[in-house]
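Asker: Need a 3D model of the following:
(chains A and B)
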Amino acid sequence: MASAGADELSTIARVHATYFCAARNLFSPPKSMTLSAQIKCLSTDALQVLFPDAALDSSQVTVNLTKPEFSGHYTVVLFPFVKALRMKPADLGKQLGDYLLAHSTLFSAFETVSGFLNLTIQDAYWPGFLLNNFNNTQYGEAPKQDYRVMLEYSSPNTNKPLHFGHLRNNFLGFAVSNILKAQGQQVVMANLVNDRGIHICKSMVAWQQYGQGATPESTGQKGDHLVGDYYVRFNDAYKAEVAALVAAGKDQALAEKEAPIMQAAQDLLRQWEAGNTEVRKLWEMMNGWVYQGFNKSYQRLGIHFDKYYYESDTYLLGKKIVESGLKNGVLFQKEDGSVWIDLTADGLDQKLLLRGDGTSVYMTQDIGTARLKYEDYKLNQSIYVIADEQNYHMQVLKLIMQKLNEPAAAGIYHLSYGMVELPTGRMKSREGTVVDADDMMDEMIRLAQEQTVAAGKTEGFSQTELDTLYETIGLGALKFYLLRVEPKKKMIFDPKESIDLHGYTATFIQYAHARICSILRRENLPLLPDRSHFQNFTHTQSLSKGEAALLILLEQYPAMMATAALEYNPSVLCNFAFTVAQSFNSFYDDHSITKAENEEKKLLRLMMIILTAQVLRHSMNLLGIRLPEKM
RNA sequence: GGCCUCGUAGUUCAAUGGAUAGAAUAGAAGUUUCCUAAACUUUAGAUACAGGUUCGAUCCCUGUCGAGGCUACCA
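Answerer: Have a look, this model is predicted:
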């Protein structure tokens, strides 16, 4: 898991290193490189020319953004060279700065402060940048490549509705899929439905015993919620039975095993696996209810899948692979007939792959699915979006696949994320202490409506438009809230405190976007005007600090996207879009656009805000967040 | 017990080994005859603890303390 990530990172690092070294085309790095990369390239070459004996290479060159309290935009860190070259930082900075200024048109000034060389990007850089990109809907994306990756996400159990924790999984999987697509990869979004097993049998037993034929139609209840209620019902009954047995003098462990309703559930599972027609019919009916419910939720969440896998279809393949592994001697059988793999040599434990009664476990089915996925799409990589409680499971899966000599093994990567917890601890659907996903969506939309009305912002909208707006704001806030934290960190959500619509939120970004659209409407311009509108643009005046700050940010978008993709980390885009919106708001505050000082400034700023809106839309749309044109 | 995460302002989150640790929110003080004040400006406030490596450590290493997860013939 961590090691897979590290491998990936070091591979990319190597690619970059060779790229920079190969870019020996002195002082004319490719235009397609980001500013930061160009500066790194230029600085490396300059250092090698100035100090040929020092054997410096690009891996030692660090380029950062200049802190706002200093003048300049990008900073080269000089400390690493000071010792090797036996020079004072100020002297080194002066030499390097002079050289860069003399040999590149990128910079207009430099300043050395302690061990940092602060470089100022020439104003003349920006007109070309803007004209090339301001209305480019693909700005930030990378070219298509023949790299096939599957993202498995959502992967629900069919015995209960989605809860708040599942939402993190769904948003994360959807967002990362889109980010990788934007990076040119060919992505299959897959959903592996855990449709069989003891969990659904529990709901089935409870429904048989207490349901009296209830259906979604007869109760008016969403199917997944209906089935989920019987799952809770099962556990209530189970607890009562265990308590009764214990009160009658039974040992706790024995009581848990012998409780009649549990035995009934296990009996159902055996009948299911034996293909009992009645059981299969009940199973199909109740799963069908759940799928109807899930589909409604998915639709509302705005997520979708290219491919569904069902555990009931793959577990037999898993069994087959396990059986052949047994023949090969990779696996072994215990006296009771159960099948195991011994991973103690790898520092792990022995792992069960088939029960003594021949029924399969979770791992068995995962083995089958992994092979099936690989054969279906000839994948370069297979990413599993699964909570970190399954880190061990995924580590073992990959290892078993390797030992079984399955070609799918190499591409398996676990995108592990921290669980969403309540202030009181984990959500437990068995105990009914969950924040329901559907309820959460309702609540967010309600909140959006309440605050929109309170702010008096409903003028000029039809009721349909308002409903759409509330949903855009409410669901946007929900998605942003769950995506803005780095995936691997766990997060705590307190239902008593509603999700904010101010500050570091989707609403903030949506508002900046709406403001830009408002300006464009005023100017009778579409969101993405034709380049001919700016044919007369010439650059003669220097940029203000606010203009330069926003441009520096916008230029970083492709690099940010690449980072988000490399780290499988949508929070990078949340952070970036928020910073852009923040920078725009400040800019907006002390620069007039429609009433700019002169035509040149007006055209410049129009291009800037058009690109700003484009970047905000592009980044947020990847996360499944829509930006309204009016709010 | 073993293995793996994680401890940063009151709170929620940032910070490829680089400058005086950044935001948001809550707190304090301001801004609207001017393109949307769901905004902007100013202000106060934090690296759990102890060592080590380094020119430089929130980041890497060791130990202590604290939180969580895994270690099922559950999924």
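Asker: Domain boundaries for chain A, per the record?
Answerer: Following automatic domain parsing, chain A resolves into domains at A:2-122, A:195-302, A:437-622.
Asker: any chance of the ones you listed in JSON lines, plus distance to residue A:630, mean neighbour count and mean pLDDT?
Answerer: Glycine gets a C-beta too; all of them are placed from N, C-alpha and C. Output for the domains of chain A, formatted as JSON lines (distance: least, C-beta to C-beta, whole Å; neighbours: other C-beta atoms under 10 Å; pLDDT from 0 to 100):
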{"stretch": "domain A:2-122", "distance to residue A:630": "33", "mean neighbour count": "16", "mean pLDDT": "79"}
{"stretch": "domain A:195-302", "distance to residue A:630": "20", "mean neighbour count": "17", "mean pLDDT": "93"}
{"stretch": "domain A:437-622", "distance to residue A:630": "6", "mean neighbour count": "18", "mean pLDDT": "95"}
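Asker: Ok, which of the ones you listed comes nearest residue A:169?
Answerer: domain A:437-622 (9.3 Å; C-beta to C-beta).
Asker: now check stretch A:554-563, is it near RNA strand B?
Answerer: No. Using C-beta under 7 Å from any atom of the strand, we find that stretch A:554-563 stays clear of RNA strand B, coming within 9.0 Å at best.
Asker: Kindly export that stretch (C-alpha atoms) in PDB.
Answerer: Taking C-alpha atoms only, stretch A:554-563 is exported to PDB below (Å, rounded to 0.1, in the frame of the first residue of the first chain):
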ATOM      1  CA  LEU A 554      -3.800  30.500 -12.700                       C
ATOM      2  CA  GLU A 555      -0.600  29.400 -14.400                       C
ATOM      3  CA  GLN A 556      -0.100  26.700 -11.800                       C
ATOM      4  CA  TYR A 557      -3.400  24.900 -12.600                       C
ATOM      5  CA  PRO A 558      -1.800  22.200 -14.900                       C
ATOM      6  CA  ALA A 559       0.800  21.400 -12.200                       C
ATOM      7  CA  MET A 560      -1.800  21.200  -9.500                       C
ATOM      8  CA  MET A 561      -3.800  18.800 -11.600                       C
ATOM      9  CA  ALA A 562      -0.800  16.700 -12.100                       C
ATOM     10  CA  THR A 563      -0.100  16.600  -8.400                       C
END
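Asker: Give me the residues contacting it.
Answerer: Contact with stretch A:554-563 is made by A:34-37, A:129, A:139-142, A:179, A:182-183, A:569, A:572-573, A:576, A:580, A:608, A:611-612, A:615, A:618-619, as judged by C-beta atoms under 8 Å, 6 or more residues apart in numbering.
Asker: Let's see which of the residues you listed end up in helices.
Answerer: Using DSSP state H, the members of these that fall within helices are A:35-37, A:129, A:179, A:182, A:572-573, A:576, A:580, A:608, A:611-612, A:615, A:618-619.
Asker: which SS class is the residue of chain A found nearest RNA strand B?
Answerer: Closest approach between chain A and RNA strand B, counting by C-beta to the nearest atom of the strand: residue A:503, at 2.2 Å. Three-state assignment for residue A:503 (DSSP: H, G, I helix; E, B strand; the rest coil): coil.
Asker: dump the residue contacts of it.
Answerer: Per C-beta under 8 Å, 6+ apart, neighbours of residue A:503: none.
Asker: do residue A:509 as well
Answerer: Residue A:509 neighbours (C-beta under 8 Å, 6+ apart): A:480, A:577, A:578, A:581, A:616, A:620, A:625, A:627.
Asker: Please name the nearest non-neighbouring residue to it.
Answerer: residue A:581 (4.6 Å; C-beta to C-beta, 6 or more residues apart in numbering).
Asker: hang on, the one you found packs against residue A:512?
Answerer: Yes. Using C-beta atoms under 8 Å, residue A:581 is in contact with residue A:512, at 3.9 Å.
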